[in-house]
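Visitor: Fold the following and give me the result.
(one chain, ligands or ions: 1)
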Amino acid sequence: MRLYLASTSPARLQTLRAAGIEPIAAPPGVDEEAVVAAREAESGPLAAREMVQLLAQAKAEALIGAEPDGEPIDGLILGGDSAFLTGGAIHGKPHLPDVAKQRWLAQNGGHGELWSGHWLIDHRGGRVNGAVGRADVATVRFAALDDAEIDAYIATGEPLLVAGAFTIDSLGGPFIRRVEGDPSTVVGLSLSTLRDLVRELGVAWPSLWNRRPEAG
Ligand SMILES: Nc1nc2c(ncn2[C@@H]2O[C@H](COP(=O)(O)OP(=O)(O)OP(=O)(O)O)[C@@H](O)[C@H]2O)c(=O)[nH]1
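Guide: Have a look, this model is predicted:
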């Protein structure tokens, strides 16, 4: 069974590869701000769960009709989105060093919820046969960093391009005390949630395995 990943996220791609799945990845090309603004104009401010689900669905649906590998899509299309809820505010990627610094001064030594949305479309036989989606959340608790560590971390550039301005699986790892929930949710794609969604579409999880993870 082919899995199409509507995402440019290196972490989502790596998470699937480590789980034995080499997806066909394609950029969803969704204007996330416009999608959120249009929905909020209709129904007011979105909660974190609603926002990540809205964007995950928009990204997956953006691939319908596309031919990511030069062939019509025949398999499952997965879209994802992540956001960090802390101090009552929902944060995506900081993009700018000053924004990342403000985020860290606010969240240092504290905690927040990393929400990841998932939308899975059954696109077999040349048509959409159904779709399922679910958000998952993990609580992340931070160590207390000193100012020099915060500045040095931001100077690496890593925090600028990840939701919440931290990673758990890279340079940010030592700054994370605890994760309560599925760790892959924090990275951007909950494998346990994805397995649930695959099974809800009547597909056997092992049918997705198409690569042997690197040993060691
Ligand atoms: N490696 C790593 N990446 C993280 C972590 N937390 C969040 N991210 C990444 O932060 C990014 C959140 O931005 P999103 O808008 O969800 O996704 P994106 O990277 O823009 O990619 P698209 O799916 O193409 O929109 C994703 O790429 C997540 O994988 C983490 O702990 N580790």
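
Visitor: Based on its surroundings, how many neighbours for N129?
Guide: Residues near N129, counting by other C-beta atoms under 10 Å, number 12. Heads up, the C-betas are built off the backbone N, CA and C, glycines and all.

Visitor: how close does the residue nearest to it when sequence neighbours are not counted sit to S9?
Guide: Leaving aside its sequence neighbours, N129 sits nearest to D122 (C-beta to C-beta, 6 or more residues apart in numbering; 4.3 Å). According to C-beta to C-beta, to the nearest Å, D122 and S9 sit 22 Å apart.

Visitor: E214 now?
Guide: For E214, the distance to S9 - C-beta to C-beta - is 20 Å.

Visitor: When these two are compared, which one has more neighbours?
Guide: Taking other C-beta under 10 Å, E214 and S9 do not tie; S9 has more neighbours (19 against 7).

Visitor: Which residues are in contact with the more buried one?
Guide: Going by C-beta atoms under 8 Å, 6 or more residues apart in numbering, S9 touches 80, 188-189.

Visitor: Identify the residue spatially nearest to R211, adjacent ones excluded.
Guide: R211 sits nearest to E22 (C-beta to C-beta, 6+ apart), 4.3 Å away.

Visitor: That neighbour against W209, yeah?
Guide: No: if you go by C-beta atoms under 8 Å, E22 and W209 don't touch, sitting 9.4 Å apart.

Visitor: Neighbouring strands - and their directions - for the helix or strand hosting W115?
Guide: Assessed by DSSP states H and E, W115 sits inside strand 111-123. Partners of strand 111-123 in the sheet, by DSSP bridges, are strand 75-86 (antiparallel), strand 130-142 (antiparallel).

Visitor: And the pLDDT for the most far-flung residue of the chain relative to its centre?
Guide: Farthest-out residue of the chain from its mean C-alpha position, per C-alpha atoms, centre = their mean: A148, at 29.0 Å. pLDDT for A148: 98.

Visitor: how about the host helix or strand of it: buried residues?
Guide: Taking DSSP H and E as the definition, A148 sits inside helix 147-155. Neighbour-count burial for helix 147-155 flags 150, 153-154 (criterion: 16 or more other C-beta atoms under 10 Å).

Visitor: Spatially nearest residue to G20, not counting backbone neighbours?
Guide: Nearest to G20 is W209, by C-beta to C-beta, 6+ apart, at 4.2 Å.

Visitor: where does that neighbour sit relative to R12, distance-wise?
Guide: 17 Å.

Visitor: More neighbours: which of the two?
Guide: More crowded of W209 and R12, by other C-beta under 10 Å: R12, with 23 against 14.

Visitor: ok, and the closest non-adjacent residue to that one?
Guide: Per C-beta to C-beta, 6+ apart, closest to R12 is L189, 4.5 Å.

Visitor: cool, and K101?
Guide: I154 (5.9 Å).

Visitor: How about S192?
Guide: D182 is the one closest to S192 (C-beta to C-beta, 6+ apart), at 5.0 Å.

Visitor: ok, the one you found - contacts?
Guide: 136, 138, 190-193.

Visitor: just to revisit the earlier point, for the residue nearest to R12, list the residues it contacts.
Guide: Applying C-beta under 8 Å, 6+ apart, the residues contacting L189 are 9, 11-12, 15-16, 78, 80, 116, 118.
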